[in-house]
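Peer 1: The sequence and its predicted three-dimensional model are supplied below.
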Amino acid sequence: MVNLSQVRLAYGDRVLFSHSDLLIRPGDKIGLVGPNGAGKTSLFRIITGEEHIDDGSVTIDPGVVVGYFSQEVGEMKGRTALEEVLAGAGRVHELAKELAALEHEMAEGTLDDTGMDRYGEVQNEFLHLDGYEKETQAQTILTGLGIGPERWEDPVESFSGGWKMRIALSKILLLNPNVLLIDEPTNHLDLETIVWLEQWLKEFPGALMMTCHDREFMTRICRRTVEVAGQAITTYSGDYDYYLAERVLRREQLIAAKNRQDDMLAKEQEFISRFAARASHAAQVQSRVKMIEKIERIVVPREPRSVKFEFSPAKRSGDVVVDFKNLAKAWAKADGTPHPVFSGATGTIQRTQKVAVTGINGAGKSTFLKVLTGQTEPTGGTCTLGASVQMAYFSQYSSDILKNERTIFEEVQERLPQASVGTIKTLLGAFLFTGDDAEKRISVLSGGEKSRVMLACLLAQPVNFLVLDEPTNHLDIVSREVLLEALQEFEGTVMIVSHDRFFLKHLVNRVIEVDHGALKTYEGDYQYYLDKT
């Protein structure tokens, strides 16, 4: 379907791909991985024709439709949410507009014989493409992505950026292309929507290639993995877990091959040096010089530096970290009447527990954390922190308090005035800010980079109770695993809301579910919770 052969792409002196190959076959499910800046988005753009290569070829079979979902949703205005999605149906949408125009002429009695013939042609093609089913399909997709019937007719301008992303994703899914390219589909999605999208993509009959920060989501869907790194595109014939193991094996084999080549070249160079001045060996020397000049040197790509975060020592808290009784919260509606979020919540959080707070989108998970941490007052009941509890709270919006004019280093230094330069740089290195990265201004950082800065500031404080609301949002897989390892080794207490199932499965030992205004407790890990629900 799609074949990239000996592709080379460079921006000035920076080479992204050097004579690289990639074949996307019918039905492929491919996870695209690699460090930030390696060229994953550029690869998508090459396939869609938005990026022009310097050398090589890109071949797409005739009639193949390529759909591309990126984080840049473009301008949306002048339509309802449903109309915007239907506009993404490609050829079907154009036929629908032509049918409507012809039917209007027919109703006015102005459609001639040529127009009637054209109406028949358009209607046949529209039927062949399941045109009459598209509106139902669009409604199903919107609902699956969390936009219910009550919002289908809302103007797209009324939706926030995250919800516009869902509308843009709906458009691509409705297009149902032969090749579907998706860049970070789980951003801005809650867990129930992620599960729905996972099932849709599993059943998608076309070829799929996607990047994703959600390791479990990608592993469940993708049967092949393509890595973009070190100026190359490398294919692995397995899922992400297979890729991780196979990558280590291939690297070991590459190092062994390089060592053998180095030994051979050293011996040849020794022969050349020994006999270069002897006329009797001139022909042999020249032959060996030409031979080693033609040998392509094996290059072992630099291994990404492993990073590790260590918490500052904190005082031990009491055995009971939080105690809440008959806790309730209601928000005031626009007309002043209360909108209850939860009520009657009673329980305790014990020292060293790592607790996941779960529930459907809008159930009140974030509100529950805000009440527990004192960010907002309860409307009923009591909530008491235990003895010697030192708490830190991170929300999806914590990074909004960062100062745009400061550098990363300055922002962290402001929060850790007693720390040495070396300590701060080590901390930043643990959160993947190395070298000159520390001098970047906050204003130029991506959402994920800002989250990493805020997490670095937060976790460096001497605390024994961490409350984290969606800390993995915008973080790539490497950053998530740095955070996961840090939290696994944290000796204090953790409460966390996250839609990353891999993260939760490897961290928590207790689950509290917010369900229809009540709290349900599951005294087991995240897999235990899944098995019970």
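Peer 2: The structure has been received and is ready for your questions.
Peer 1: can you pull the contacts of the one residue sitting closest to the centre of the chain?
Peer 2: Of all residues in the chain, the one closest to the mean position by Cα atoms, centre = their mean is residue 213, 3.1 Å from it. With contacts defined as Cβ atoms under 8 Å, 6 or more residues apart in numbering, residue 213 is in contact with 184, 186-187, 472, 474-477, 480. The C-beta positions use only the backbone N, C-alpha and C, and glycine is treated the same way.
Peer 1: how about CSV for those residues, with neighbour count added?
Peer 2: Listed next are those as CSV, based on neighbours: other Cβ atoms under 10 Å:
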residue, neighbour count
184, 20
186, 22
187, 17
472, 25
474, 20
475, 24
476, 20
477, 18
480, 20
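Peer 1: Can you tell me which of those residues is nearest residue 235?
Peer 2: residue 477 (18.4 Å; Cβ to Cβ).
Peer 1: what number of residues lie near residue 194?
Peer 2: Applying other Cβ atoms under 10 Å, we find 19 residues neighbouring residue 194.
Peer 1: Residues in contact with the helix or strand hosting it: which ones?
Peer 2: According to DSSP states H and E, residue 194 maps onto helix 191-203. With contact meaning Cβ under 8 Å, 6+ apart, helix 191-203 is reached by 29, 141, 144-146, 166, 169, 173, 185-186, 189, 208, 210, 214, 217, 220-221, 358, 360-361, 499, 501.
Peer 1: The residue nearest to residue 240 when sequence neighbours are not counted: neighbour count?
Peer 2: Closest residue to residue 240 in three dimensions, ignoring its sequence neighbours and counting by Cβ to Cβ, 6 or more residues apart in numbering: residue 219, at 4.7 Å. The number of residues packed near residue 219 is 18, by other Cβ under 10 Å.
Peer 1: show me the contacts for residue 219.
Peer 2: The contact partners of residue 219, by Cβ under 8 Å, 6+ apart, come to 31, 239-241, 502.
Peer 1: Regarding it, what is its secondary structure?
Peer 2: Of the three states, residue 219 takes helix under DSSP: H, G, I helix; E, B strand; the rest coil.
Peer 1: can you pull the pLDDT of it?
Peer 2: pLDDT, residue 219: 94.
Peer 1: so residue 475 touches residue 450, yeah?
Peer 2: No - if you go by Cβ atoms under 8 Å, residue 475 and residue 450 don't touch, sitting 10.7 Å apart.
Peer 1: Could you tell me how far the lengthiest helix in the chain lies from the centre of the chain?
Peer 2: Taking DSSP state H as the assignment, the helix of the chain that covers the most residues is helix 240-275. The chain centroid and the centroid of helix 240-275 are separated by 35 Å under Cα atoms, centre = their mean, to the nearest Å.
Peer 1: beta partners for the closest residue to residue 242 other than its chain neighbours?
Peer 2: Spatial nearest neighbour of residue 242, excluding adjacent residues (Cβ to Cβ, 6+ apart): residue 236 at 6.4 Å. With DSSP bridges as the criterion, residue 236 is bridged to residue 225.
Peer 1: Please list all residues in contact with residue 236.
Peer 2: 224-227, 242-243, 246-247.
Peer 1: Any of the residues you listed buried? List them.
Peer 2: Those of the contacts of residue 236 that meet the buried threshold are 224-227, 243, 247, by 16 or more other Cβ atoms under 10 Å.
Peer 1: In JSON lines, list the residues you listed along with pLDDT and distance to residue 367.
Peer 2: Shown next, in JSON lines, are the buried ones among the contacts of residue 236 (pLDDT from 0 to 100; distance: Cβ to Cβ, whole Å):
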{"residue": "224", "pLDDT": "96", "distance to residue 367": "41"}
{"residue": "225", "pLDDT": "97", "distance to residue 367": "39"}
{"residue": "226", "pLDDT": "97", "distance to residue 367": "41"}
{"residue": "227", "pLDDT": "94", "distance to residue 367": "41"}
{"residue": "243", "pLDDT": "95", "distance to residue 367": "39"}
{"residue": "247", "pLDDT": "92", "distance to residue 367": "42"}
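Peer 1: bridging residues for residue 496?
Peer 2: Going by DSSP bridges, residue 496 forms beta bridges with residue 356, residue 468.
Peer 1: Next one: it from residue 466, what distance?
Peer 2: To residue 466, residue 496 is 8 Å away according to Cβ to Cβ, to the nearest Å.
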